[in-house]
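K.L.:
Got a predicted structure plus its sequence, pasted below:
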Amino acid sequence: MRLLLTSVACPKGEIAVNHARHLELLAEGADAGCDVVLLPEMSLTGYRPTAALALDHHAVTELVRATVDGPALCFGLVERSASGKPPYITQLVAVGGDLVAVHRKAHLGQGEQSDFRSGPPGGGIFDIAGVTCSMAVCAEIGTAPPYALGSRLVLGPSAPGLYGDRRRTDDDWRRGFDWWRGSVVDDARRLLAGDQYLAVSTQAGATDDEDFPGWAALLGPGGEIVSELPDWTVGAIDVDLVGLPG
């Protein structure tokens with residue numbers, strides 16, 4: 001199995017800009033022979049509750065259709081709640097032109113409870129290229145349920161906002177990046193089973209009111225880093241999961 005893991009800038013509320021970037025990365029994944037392209041949490045809408053979309057929005061359905069002849073696509077959005085309650089943080093998986101997984105984040109991160117609604121607990125498993133997968137969205141990377149479902153690959157799309165003053169120097173960005181990378185590695189060492197992998201894609205860079213640390217990586221059993229981007233900047237890596245189908 002081959003994955004394209006991404007560290008992507010996702011401007012808040014700029015659906016058309018983000019949609020176009022999704023299609024570019026899907027094409028990049030196809031050119032690299034990838035089975036799946038992993039995009040960050042809330043990649044389509046950006047991290048803005050008021051940018052919520054319904055799942056039948058044309059930007060969503062077009063991305064699902066775009067997977068007909070190419071890699072699977074895992075992408076995120078703020079999903080409008082049909083009940084009129086706060087929106088969900090939702091991650092979608094499209095394979096072969098069909099929507100095969102809708103994961104509504106159950107374990108909300110610090111400060112998210114006031115703006116978002118929790119999804120149902122437990123999540124589920126789904127198949128990509130013959131590999132059983134589960135989902136851990138950002139704060140869920142540090143919780144046990146995604147790893148306890150018997151999947152071989154845990155997808156970890158993320159958008160951890162960096163608190164405090166805005167990043168103005170490379171040292172500022174390095175501190176934020178090191179915090180996020182270290183947190184994920186610690187969680188992987190604690191929670192990954194002996195035959196599981198964790199794939200991480202993270203929002204990167206400055207938005208109008210918030211900074212994100214970037215990072216894309218594949219971690220293997222014991223939390224060992226198999227492959228990673230070296231810093232907080234925008235980028236993508238393709239990586240093979242040796243010994244798994246695809």
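P.N.:
Arrived safely.
K.L.:
Just the buried residues of the top helix by length along the chain, please?
P.N.:
Counting by DSSP state H, the longest helix found in the chain is helix 170-191. Residues of helix 170-191 classed as buried by neighbour count (16 or more other Cβ atoms under 10 Å): 172-173, 175-177, 180-181, 183-185, 187-188, 191. (Each C-beta comes from the backbone N, C-alpha and C, glycine too.)
K.L.:
Can you give me every residue that contacts the residue sitting nearest the centre point of the chain?
P.N.:
Nearest to the mean C-alpha position of the chain, by Cα atoms, centre = their mean, lies Pro157 at 1.7 Å. Going by Cβ atoms under 8 Å, 6 or more residues apart in numbering, Pro157 touches 38-41, 43, 74-76, 91, 135, 137-138, 200-202.
K.L.:
secondary structure element for it?
P.N.:
Taking DSSP states H and E as the criterion, Pro157 maps to strand 153-158.
K.L.:
ok, the buried residues of helix 170-191 vs Gly150, which is closest?
P.N.:
Leu191 (13.7 Å; Cβ to Cβ).
K.L.:
Skipping adjacent residues, who's closest to that closest one in space?
P.N.:
Computed as Cβ to Cβ, 6 or more residues apart in numbering, the closest residue to Leu191 that is not its neighbour in sequence is Tyr147, at 4.7 Å.
K.L.:
Pull the number of nearby residues for the one you found.
P.N.:
20 (other Cβ atoms under 10 Å).
K.L.:
quick check, Val102 in a helix?
P.N.:
No - counting by DSSP: H, G, I helix; E, B strand; the rest coil, Val102 is located in no helix; its state is strand.
K.L.:
Tell me what it is bridged to.
P.N.:
Leu92 (DSSP bridges).
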